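In: sequence first, predicted coordinates after that:
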Amino acid sequence: MAEPLSAAGLLHLIWLASPALPIGGFSYSEGLEAGVDAGLTATESGVSDWLSDQLALSLGRADLPLLAQAIPAWRSNSVARVQELTQWLLATRESAEFRAQTEQMGRSLVEWLRLQHPDVDAAFAGIAPTYPVAFAFAASRVPASVPDCCLAFAFGWAENMVSAAVKAVPLGQSAGQRILARLAAEIPAVVEQALPLLDGDRMAFAPMLAILSAQHEIQYSRLFRS
């Protein structure tokens, strides 16, 4: 059985997953705003179903299994493995906005991590910072298990997406909390399914999400960068 999460580990994971972390996560909707414009995510139920699907079909099949592999790679100082995972991540970002998001948030997280980990610049020498891989670096320095790190990552994503939906639809705060409660209930099972996925099992195939992200790039009026 995994060791119980220590108080220090819990607090560090909460800190890493917080939407208040100054890495710009609040400025992205990941195609959701384009979905609102297209009438696909214009109601509470529409947003709830959309984010539930995105959690299971996108995050659960791509970012979470990659995160679960990147954390032990960082802990074992396997630079080649981290580079391999980074290349896969960049290759599977299906729109210019999605790629820009992961690169910007990755750079910002590395910059913030300099306050905590003086070795971060040396660790990323020759590795293009991306958000999930940078998060994995930070999580690898936390006394926490890989599943706990993945749970924190997924909940941080959920909080950011619900916040974006509340602003973009718009929705009331109570509706946002109902959606977040649904996602929180679904996250543990998604993480459990993501953990054992190997390189050949990961996938980033979400056509409508990619289409909406591309459409968002030229959307007439918008609140978010993606």
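Out: Structure received.
In: distance-wise, check Gly176 relative to Arg182.
Out: 11 Å (C-beta to C-beta, to the nearest Å). C-betas here are computed from N, CA, C, even on glycine.
In: quick one: which of those two has more around it?
Out: Gly176 (22 against 17; other C-beta atoms under 10 Å).
In: the more buried one reaches Met161, doesn't it?
Out: No. Applying C-beta atoms under 8 Å as the test, Gly176 and Met161 come out as separate, 10.0 Å apart.
In: how about the helices in this protein?
Out: 7-17, 32-37, 44-54, 64-75, 79-91, 96-113, 120-123, 131-140, 146-168, 173-194, 207-216 (DSSP state H).
In: adding mean pLDDT, write those helices out as JSON lines.
Out: Listed next are the helices of the chain as JSON lines, based on pLDDT from 0 to 100:
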{"stretch": "helix 7-17", "mean pLDDT": "93"}
{"stretch": "helix 32-37", "mean pLDDT": "94"}
{"stretch": "helix 44-54", "mean pLDDT": "97"}
{"stretch": "helix 64-75", "mean pLDDT": "98"}
{"stretch": "helix 79-91", "mean pLDDT": "97"}
{"stretch": "helix 96-113", "mean pLDDT": "96"}
{"stretch": "helix 120-123", "mean pLDDT": "95"}
{"stretch": "helix 131-140", "mean pLDDT": "98"}
{"stretch": "helix 146-168", "mean pLDDT": "97"}
{"stretch": "helix 173-194", "mean pLDDT": "98"}
{"stretch": "helix 207-216", "mean pLDDT": "94"}
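In: so which of the ones you listed comes closest to Arg222?
Out: helix 32-37 (5.6 Å; C-beta to C-beta).
In: how deep is Pro22 tucked in, by neighbour count?
Out: As a burial measure, Pro22 scores 11 neighbours (other C-beta under 10 Å).
In: surely it is in contact with Leu113?
Out: No. The pair Pro22 / Leu113 is not scored as a contact, 11.5 Å apart, by C-beta under 8 Å.
In: ok, and the closest non-adjacent residue to Leu16?
Out: Nearest non-adjacent residue to Leu16, counting by C-beta to C-beta, 6 or more residues apart in numbering: Ala138, 5.5 Å away.
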